[in-house]
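K.L.:
Okay, here's the prediction I keep looking at, along with the sequence it came from:
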Amino acid sequence: MQLDEEGYLVDPAQWNEQVAEELARRERIALADEHWAVIRFMREYYERRQIAPDARHVIKHLATYKGARSAGRNDLFALFPYGYVKQACKIAGMRKPRAWSTG
C-alpha cells in the first residue's frame, strides 16, 4: 500500500477492506457497521464515477441507512470526528480531493 505524505492512498485501486482497517487504525477509529455503510457507499460511488462522492451524498446515504434515528451531518462527524476528507475519504481509499482542504 503506497500512501502520499498525508496518508492517502496514491492509487485507489489498491484499496481493499484490509487496507481500510489499517488506515482506520492509523486514524484511531474502530470500524463498526455504520462506518462500513459509509465506506462501501463511497467505494461504490467511486467505482461508478471515478471521483469521491461529495459529503452531502454520503450524509443522505447515511440518513437512509439509519432511518428515523439519523441526524444527518452530525452522524457523519460522529463516525469520523476529524472530518469527512481527513478520515472518511482516507479510510475509503480516495485520493485527497484537491478542492477540499478540510472535512
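P.N.:
Nice, thanks for sending it over. Numbers count the residues shown, from 1 in each chain.

K.L.:
wait, what's in contact with the closest residue to residue 52 other than its chain neighbours?
P.N.:
For residue 52, ignoring the flanking residues on the chain, the nearest one in space by C-beta to C-beta, 6 or more residues apart in numbering is residue 94 at 4.1 Å. (Each C-beta comes from the backbone N, C-alpha and C, glycine too.) Contact partners of residue 94, counting by C-beta atoms under 8 Å, 6 or more residues apart in numbering, are 8, 9, 12, 42, 46, 52.

K.L.:
nearest to residue 86, of these?
P.N.:
Nearest to residue 86 among the contacts of residue 94 is residue 8, at 9.7 Å by C-beta to C-beta.

K.L.:
What are the boundaries of the helices in this protein?
P.N.:
According to DSSP state H, the chain carries its helices in the segments 17-26, 33-49, 55-66, 73-79, 90-91.

K.L.:
Kindly indicate which of the contacts of residue 94 lies nearest residue 78.
P.N.:
Closest to residue 78, out of all of the contacts of residue 94 and judged by C-beta to C-beta, is residue 42, at 16.7 Å.

K.L.:
pLDDT value on the residue lying closest to the closest one once chain neighbours are set aside, please?
P.N.:
What sits nearest to residue 42 in space, not counting adjacent residues and going by C-beta to C-beta, 6+ apart, is residue 92, at 4.1 Å. As predicted, residue 92 sits at a pLDDT of 97.

K.L.:
Check residue 97 too.
P.N.:
You'll see residue 97 listed with a pLDDT of 72.

K.L.:
What separation is there between it and residue 64?
P.N.:
Separation of residue 97 from residue 64 (C-beta to C-beta, to the nearest Å) stands at 23 Å.

K.L.:
ok, now residue 33?
P.N.:
Distance, residue 33 to residue 64, using C-beta to C-beta: 14 Å.
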